[in-house]
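>>> Please work out how this folds:
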Amino acid sequence: MTDKVRKHLEKAIKHELKNSAEKHGKKFSSSHEAYAVIKEEVEELYLDLKNFNENFKGFWDAIKVDDHEKAERMLICSIGSAADAMHELTQVCAMCAKAMRIYRTGAQDE
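Just a heads-up that it's a prediction; the model follows:
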């Protein structure tokens with residue numbers, strides 16, 4: 001990964017962390033809450049990856065029958081699903097960073 005891409009990802013993660021802090025506070029109330037929120041984000045990521053796989057399979061199926069229009073549609077859908085997964089992964093990273101605040105401050109119940 002290039003430094004430029006990494007910086008863009010870090011910026012996106014910080015943006016998600018800021019949004020979460022504005023909506024739900026800077027810290028989780030407990031490590032249990034942190035686990036539950038991260039788990040939910042991972043489950044959403046899994047669904048987006050599943051959608052990507054289905055779209056990408058559709059792309060392959062279209063290639064095998066030489067259906068260029070369907071192949072293009074499936075690629076467009078694949079890009080959308082991959083972008084959705086990237087967004088969810090950004091949220092996973094942000095929620096992990098938010099969870100780190102529990103352990104860095106040493107206080108779970110604030």
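>>> Averaged pLDDT, the longest helix along the chain. What do you get?
Identified as the longest helix of the chain according to DSSP state H is helix 68-105. In this model, helix 68-105 carries a mean pLDDT of 95.
>>> Summarise which helices and strands it is packed against.
Helices and strands touching helix 68-105, by 3 or more Cβ pairs under 8 Å, 6 or more residues apart in numbering; DSSP states H and E, are helix 3-24, helix 31-64. Any C-beta I mention is one placed from the backbone N, CA and C, and that applies to glycine too.
>>> Point out the most buried one among those helices.
helix 31-64 (a mean of 15; mean count of other Cβ atoms under 10 Å).
>>> who touches the closest residue to A94 other than its chain neighbours in this structure?
Nearest in space to A94, with sequence neighbours left out and distances taken as Cβ to Cβ, 6 or more residues apart in numbering, is E16 at 3.7 Å. Shown in contact with E16 (Cβ atoms under 8 Å, 6 or more residues apart in numbering): 90-91, 93-94.
>>> Over to D84?
With contact set as Cβ under 8 Å, 6+ apart, D84 has these partners: 48, 51.
>>> again, only using 7 Å
With contact set as Cβ atoms under 7 Å, 6 or more residues apart in numbering, D84 has these partners: D48.
>>> And for the one 5 residues further on?
Contact partners of L89, counting by Cβ under 7 Å, 6+ apart, are L45.
>>> how about a cut-off of 10 Å?
Neighbouring residues of L89 by Cβ atoms under 10 Å, 6 or more residues apart in numbering: 9, 12-13, 41-42, 44-45, 48-49.
>>> could the residues you listed go into JSON lines alongside pLDDT and distance to D84?
Converted to JSON lines, the contacts of L89 look like this (pLDDT from 0 to 100; distance: Cβ to Cβ, whole Å):
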{"residue": "L9", "pLDDT": "93", "distance to D84": "16"}
{"residue": "A12", "pLDDT": "95", "distance to D84": "14"}
{"residue": "I13", "pLDDT": "96", "distance to D84": "16"}
{"residue": "E41", "pLDDT": "97", "distance to D84": "12"}
{"residue": "V42", "pLDDT": "98", "distance to D84": "14"}
{"residue": "E44", "pLDDT": "97", "distance to D84": "9"}
{"residue": "L45", "pLDDT": "97", "distance to D84": "9"}
{"residue": "D48", "pLDDT": "98", "distance to D84": "4"}
{"residue": "L49", "pLDDT": "98", "distance to D84": "9"}
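>>> Please consider this matter closed, and thank you.
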